[in-house]
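Trainee: Mind folding the following:
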Amino acid sequence: MRYRLIAIAMAGSSLCPAQSKEHPNVVIIITDDQGYGDLSFTGNPHLKTPAIDNLARQSIRLNNFYVCPVSAPTRSGLMTGRYSLRTGIRDTYNGGAIMASDEITIAEILKKEGYATGIFGKWHLGDNYPSRPVDQGFDESLIHLAGGMGQVGDITTWFRNDSSYFDPVLWSNGKREKHTGYCSDIFADEAIEFIERNHSSPFFCYLSFNAPHTPLQVPDRYYDLFRDTDPSKGFKHDGRPFPAMSEKDKEDARKVYAMVANIDENIGKLLRKLEDLKLSENTIVVFMTDNGPQQRRYVAGMRGIKGSVYNGGIRVPCFIRYPGLLKESGEVGINTAYIDIMPTIAELCHAGLPTDRIIDGKSLVPLITGKTREWQTRPIFFYWTRKYPEFYNNVALLKGNYKLAGHVAYDSDINGFELFDISKDPYEQNNIVGERADVAINLKDDLDKLFKELVNSPNLTDPPYAVLGSNHENPLFLSRNDADGERGIWDQEEVNGKWRVRFTEGDYNLKFRFVKPVKGKGQMILETRSFINQKINTIDQAVEIEMNGIHFPEMECDLVPYYLVDSKSIFPFWVEVERIK
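Mentor: Numbers count the residues shown, from 1 in each chain. Take a look at the predicted model:
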């Protein structure tokens, strides 16, 4: 385990008048589906990422930093310091990417200390009141909806197909707003403008790129940098395993590298703005990614990709720069995780943590200031299966040097699991469960206890809901991303789905939009607990069907709409709900 002792020195007196050492600024930059190997700093022979590399050289580098295998769980844990299942986040869609409104975010704890707060890019923790960024502590919010632009939940970009990343309609403080340009440029420019507007007082800027997530769209001038690159070659064959790449993998890698080059350029602009405003000394900058790569490409020899509990899916770069506290860069080899960022920020910014709930993360301040004796090893839990966690499918527990991974049935004995000594086998090629069954059994006991505790979390067993008819959001759109029902509900026509909602009493107009036009002479059905409304549609090839003037009492229920025609039950693509009185 490597650790370089850090020299500590406090900042000088060159702060803006309203800036203080007690409340340093915070900038968190997170990218989407950018794996550990998607940086020149981590050895990628095809990429040049000078801005991020320079940031890394100036930072504390968390060399064994872990996240969830997929996006929304990582983002909820980053925001709250809690395992995602405690927050109500269990999936990236299927109604499982809605964070409970009683969760307390980094933005909320910093706002209490007088910080201006802004998010720019991807949220992916709920698109309706009371789970939007503006409901969870952010003063300013410019985001796309759902898990990605061009995905079914982002109703303003889905039908744009191959141009969804260009000139998009985004959501500014909950309202639709047309923008011009490439999405990553837009989000970075807005983040920089937010910093400029708030530079004389403490601010928290959350720059959350949706790139390099699919669809892989990028301006030509960046793609041209990699047009002739062969991403399957050029590696140092030093015993590390590298995946075979199909022609599609290679082309995807070229596009991803182009998107990363654009991100690097934008990060460079933001860091230069901090310098120009003389804010670098008093600003904490965190750079990280949310999970491993979605496609097969260079991942520094690690096993697995996005969605996997092997290291290729969960180990990512993380750099923390804070010149006002730490004058020298350094490395931390101890296992750290996404849930640690929130308590770390809270300590550095003198902001109180919630005391009425479990905070799973630990402040990293002892590690980054060289006080490793104050740090106690703890297990870190990972899982990923669609809809809900499965006992024991694609789950893992990491504690110290040992990692237990399960891809087995619920009743498997210990020999069905995999055990790796990460200190000796960082590429997870040698299963030693037969040699160290004692270690595996102890880890499995810890895994069982934590798994059962998390799947019984109140916010998971009693899921969050969207509030209909509220003055905070009226009208609102219920999208496929937040629709529950059949496993893997996405853009299908014939699928059973529902939304969990709370009605404010009043009269409502509802508009049901379909993936494809529906035939006439069908019956539109709306089930809301014991209230069932129906309407005969007389319009052939209808894209939308309206039900107007329906009175709903105040109630919580599942909202279940479907269109019956020719023995088919067709689920709407989205539903617009407006309380009219």
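Trainee: what's the straight distance from one end of stretch 80-99 to the other?
Mentor: 10 Å (Cα to Cα, to the nearest Å).
Trainee: same question, stretch 32-52
Mentor: Stretch 32-52: ends 15 Å apart by Cα to Cα.
Trainee: for stretch 305-314, same thing?
Mentor: 8 Å.
Trainee: Quick one: mean pLDDT for it?
Mentor: For stretch 305-314, mean pLDDT is 98.
Trainee: isn't there a strand covering K511?
Mentor: Yes. Under DSSP: H, G, I helix; E, B strand; the rest coil, K511 sits within a strand.
Trainee: confidence score at it?
Mentor: Predicted confidence (pLDDT) for K511: 98.
Trainee: any idea how far it lies from V543?
Mentor: 10 Å (Cβ to Cβ, to the nearest Å). Placement of C-beta: from N, CA and C, glycine included.
Trainee: Looking at those two, which is more packed in?
Mentor: K511 (17 against 13; other Cβ atoms under 10 Å).
Trainee: Report whether the expected contact of the more buried one with A542 is present.
Mentor: No. Under the criterion of Cβ atoms under 8 Å, K511 is not in contact with A542, lying 11.2 Å apart.
Trainee: my guess is P463 contacts I89, does it?
Mentor: No. The pair P463 and I89 does not pass the contact test of Cβ under 8 Å, sitting 10.1 Å apart.
Trainee: For these two, indicate the residue with more neighbours.
Mentor: Under the neighbour definition other Cβ under 10 Å, P463 and I89 were set side by side, and I89 has more, 32 against 15.
Trainee: Contacts only, for the more buried one.
Mentor: A72, P73, R75, S76, G96, A97, I98, M99, L125 (Cβ atoms under 8 Å, 6 or more residues apart in numbering).
Trainee: Select from the residues you listed the one having the most neighbours.
Mentor: S76 (31 neighbours).
Trainee: so which helix or strand takes in that one?
Mentor: helix 71-80 (DSSP states H and E).
Trainee: ok, now D264?
Mentor: Counting by DSSP H and E, D264 is found in helix 247-276.
Trainee: What residues of that helix count as buried?
Mentor: 249-250, 252-268, 270-271, 273-274 (16 or more other Cβ atoms under 10 Å).
Trainee: With stretch 566-581 instead?
Mentor: Going by neighbour count (16+ other Cβ under 10 Å), the buried part of stretch 566-581 is I570, F571, P572, F573, W574, V575, E576, V577, E578, R579.
Trainee: okay, now K175: neighbour count?
Mentor: Other residues lying near K175 total 9 when counted by other Cβ under 10 Å.
Trainee: Mind jotting down where the helices sit in the chain?
Mentor: 50-57, 71-80, 84-87, 106-111, 183-197, 220-223, 247-276, 311-314, 341-348, 365-368, 437-455, 458-461 (DSSP state H).
Trainee: Specify the stretch among the ones you listed that is closest to D32.
Mentor: helix 71-80 (6.4 Å; Cβ to Cβ).
Trainee: In terms of secondary structure, what does that closest one contact?
Mentor: strand 25-31, helix 84-87, helix 106-111, helix 341-348 (3 or more Cβ pairs under 8 Å, 6 or more residues apart in numbering; DSSP states H and E).
Trainee: can you do 10 Å?
Mentor: strand 25-31, helix 84-87, helix 106-111, strand 203-208, strand 283-289, strand 336-337, helix 341-348 (3 or more Cβ pairs under 10 Å, 6 or more residues apart in numbering; DSSP states H and E).
Trainee: Stretch 515-526 spans what distance, first to last residue?
Mentor: 18 Å.
Trainee: for the record, mean pLDDT for it?
Mentor: Rounded mean pLDDT across stretch 515-526 is 96.
Trainee: Return the distance of that stretch from the chain's centre.
Mentor: Stretch 515-526 sits 35 Å away from the centroid of its parent chain (Cα atoms, centre = their mean, to the nearest Å).
Trainee: Sort out which residues of that stretch are buried, please.
Mentor: Buried, per 16+ other Cβ under 10 Å, within stretch 515-526: V515, V518, G522, M524, I525, L526.
Trainee: Return the subset of these lying in strands.
Mentor: In this view, the buried residues of stretch 515-526 that belong to strands under DSSP state E are V515, V518, G522, M524, I525, L526.
Trainee: Now the first one: closest residue in space that isn't a chain neighbour?
Mentor: Distances taken as Cβ to Cβ, 6 or more residues apart in numbering put F573 closest to V515, at 4.7 Å, once the chain neighbours are dropped.
Trainee: How about the contacts made by the one you found?
Mentor: Applying Cβ atoms under 10 Å, 6 or more residues apart in numbering, we find F573 in contact with 152, 155, 158-159, 479-480, 483, 491-493, 512-516, 543-544.
Trainee: Show the buried residues in these.
Mentor: V152, I155, W158, S479, R480, A483, Q492, F512, R513, F514, V515.
Trainee: Please enumerate the strands of the stretch 1-150 of the chain.
Mentor: 25-31, 60-62, 65-66, 116-121, 140-143 (DSSP state E, counting those that start in this stretch).
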